[in-house]
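Chemist: Got a sequence here, can you build the structure:
(one chain, ligands or ions: 1)
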Amino acid sequence: MAKVVKFGGSSLASAEQFQKAGSIIRADQERRYVVPSAPGKRFDKDVKVTDMLYACYDLASSGKEFKEQLRAIEARYQEIIQGLKLKLSLKEEFLTIEKNFNAGAGSNYAASRGEYLNGIIMADYLGYEFIDAAEVIFFKENGEFDADTTNKVLSERLAGVERAVIPGFYGSMPDGRVKTFSRGGSDITGSIVAKAVKADAYENWTDVSGFLVADPRIIENPQAIEVITYRELRELAYMGATVLHEEAIFPVRQEGIPINIRNTNAPEDEGTWIVESTCQKSRYVITGIAGKKGFCSINIEKDMMNSEIGFGRKVLQIFEENGISFEHVPSGIDTLTVFVHQDEFAHKEQKVVAGLHRVVNPDSIDIESDLALIAVVGRGMKSTRGTAGRIFSALAHGNVNVKMIDQGSSELNIIIGVDNKDFETAIKAIYDIFVTTRL
Ligand code: ASP
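Modeler: Model (predicted):
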């Protein structure tokens, strides 16, 4: 039995946080493979070590003096080492880093040192083997992650290793150069390691007790989600709910390995389980609510549109030609509305309008801006009557005017369009009806 445990930056920002992580790991013998992030923020205004490394390398690559900045990074690690009372010294490592910065090793290499060094400390602290991610995680020539080679090498390498620390966030290119994933990418490493060892679970330790039903900036103390499916998570994450890197789902999903989001500062909380499928009902019919502001709708009207085959395709082609992705396309008999991101659309607006006139010759085109989209997501909606009714009566009571409704045939979510100004009120109204009052 094996569990892969990944700790985020705030979980490893100081010696005190390291100790919490250490107790968590030692509390369960199955926690055999550890994936650390770089030290994150210790307090609100603090700077993540990854950001310090990027800034330091910027100086180095433009020929400026960077030693002082590198010392400040070294001090962050030194503080952890001393706090943990380890005998470890990173002196040699920092000399190598300095030399490589001078030789133009690249910003990917620079950023990766954050997790590399934290991995060395973690391995020393736990007495686990340290495995450099550059030796077991690979990218292709074109920069894409090389899943097949990685899985082969990594599973072979870990087969004989009882306990190991593998730093998150980076791997290597075919020529040996270090390359990182996108920001927050240690989540992906954890998932890759879990797949390689066919783990029973991938525990992702962070600073919140799991996925929340709604954004805590809008809802005070929202409930945590106990179990969520990969598909529900995709829907919520797309609409802005972030805890886990989007790409972290794929490696474990292929193996059916569940992800457990946990809180390093409250290890007794069960957190959220992310699973392929489940017979467990979510507590509140809906699993979660998420949303984003800043959309535009382009409403196209034309008499007898319904009988014009190819109308929709021609309309969407204009958006494609202008490099604008569409979000939703609700339609009526003689109308078709396209929802797009306002910032993608605004500067191309007149080109799109002219293009639409050219290809479909509409009677009118109406553009509305400053709209928000809200996704109400829940696998439970399929088997529960009246969910839509409850949502819309809650919105009516909250005095929110609904501009658009879109329910996919999967019945996994209902998307609602409202004015930006009604966004928070709408989310509160929906949360209240399903979670607070459970009417
Ligand atoms: N340290 C990296 C970042 O700040 C990667 C990670 O934490 O997952 O983006």
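Chemist: all strands for the stretch 201-350 of the chain, in order.
Modeler: 201-206, 227-229, 259-263, 272-275, 288-301, 326-328, 335-341 (DSSP state E, counting those that start in this stretch).
Chemist: let me redo that: the stretch 1-150 of the chain
Modeler: For the stretch 1-150 of the chain, strands defined by DSSP E, counting those that start in this stretch occupy the ranges 3-7, 31-36, 129-130.
Chemist: Switch those over to TSV; also include distance to the ligand and mean pLDDT.
Modeler: Every residue, glycine included, has its C-beta placed from N, CA and C. Converted to TSV, the strands of the stretch 1-150 of the chain look like this (distance: least, Cβ to the nearest ligand atom, whole Å; pLDDT from 0 to 100):
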stretch	distance to the ligand	mean pLDDT
strand 3-7	8	98
strand 31-36	9	98
strand 129-130	18	98
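Chemist: To I324, which of those strands lies closest?
Modeler: Nearest of the strands of the stretch 1-150 of the chain to I324, taken as Cβ to Cβ: strand 3-7 at 35.8 Å.
Chemist: partners of the closest one in the sheet?
Modeler: Paired strands of strand 3-7, with direction, are strand 31-36 (parallel), strand 201-206 (parallel) (DSSP bridges).
Chemist: Any chance of JSON lines for the strands of the stretch 201-350 of the chain, columns distance to the ligand?
Modeler: As requested, the strands of the stretch 201-350 of the chain are exported to JSON lines (distance: least, Cβ to the nearest ligand atom, whole Å):
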{"stretch": "strand 201-206", "distance to the ligand": "10"}
{"stretch": "strand 227-229", "distance to the ligand": "21"}
{"stretch": "strand 259-263", "distance to the ligand": "14"}
{"stretch": "strand 272-275", "distance to the ligand": "17"}
{"stretch": "strand 288-301", "distance to the ligand": "21"}
{"stretch": "strand 326-328", "distance to the ligand": "27"}
{"stretch": "strand 335-341", "distance to the ligand": "24"}
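Chemist: Out of those, flag the one nearest F66.
Modeler: Among these, the nearest to F66 by Cβ to Cβ is strand 201-206 (30.9 Å).
Chemist: Quick one: mean pLDDT over that closest one.
Modeler: For strand 201-206, mean pLDDT is 97.
Chemist: can you check stretch 254-261 too?
Modeler: In this model, stretch 254-261 has a mean pLDDT of 94.
Chemist: re the thing from before, just name the most buried of the strands of the stretch 201-350 of the chain.
Modeler: strand 201-206 (a mean of 26; mean count of other Cβ atoms under 10 Å).
Chemist: Pull the residues that contact it.
Modeler: Contact with strand 201-206 is made by 3-8, 10-11, 21, 24, 31, 187, 190-191, 194, 243-244, 248, 252, 257-264, as judged by Cβ atoms under 8 Å, 6 or more residues apart in numbering.
Chemist: Narrow these to just the buried residues.
Modeler: 3-8, 10-11, 21, 24, 31, 187, 190-191, 194, 243-244, 248, 252, 257-264 (16 or more other Cβ atoms under 10 Å).
Chemist: so who does the residue nearest to E93 when sequence neighbours are not counted touch?
Modeler: The shortest distance from E93 to any non-neighbouring residue, by Cβ to Cβ, 6 or more residues apart in numbering, is to L117 (6.3 Å). Counting by Cβ under 8 Å, 6+ apart, L117 makes contact with A38, Y77, L90, E93.
Chemist: my read: the third one touches I80, true?
Modeler: Right, L90. No. In this structure, L90 is not within contact of I80 by Cβ atoms under 8 Å, at 10.0 Å.
Chemist: Those two: who's more crowded?
Modeler: Counting neighbours by other Cβ atoms under 10 Å for L90 and for I80 shows that I80 has the greater number, 24 against 17.
Chemist: And that one, how close does it get to the ligand?
Modeler: 15 Å (Cβ to the nearest ligand atom, to the nearest Å).
Chemist: again, but for I131
Modeler: According to Cβ to the nearest ligand atom, I131 and the ligand sit 17 Å apart.
Chemist: Got phi/psi on that residue?
Modeler: With angles defined as degrees, to the nearest 10, I131 sits at phi -120, psi 120.
Chemist: Am I right that it is in contact with E156?
Modeler: No. Between I131 and E156 there is no contact under Cβ under 8 Å: 11.9 Å.
Chemist: So which of these two has more stuff around it?
Modeler: I131 (21 against 11).
Chemist: Who are the contact partners of that one?
Modeler: R157, L158, V161, A164, V165, I166.
Chemist: May I have the beta-bridge partners of the fourth one?
Modeler: If I follow you right, that is A164. Beta-bridge partners recorded for A164 (DSSP bridges): Y33, E129.
Chemist: So it versus the ligand, what's the distance?
Modeler: Relative to the ligand, A164 is positioned 18 Å away (Cβ to the nearest ligand atom).
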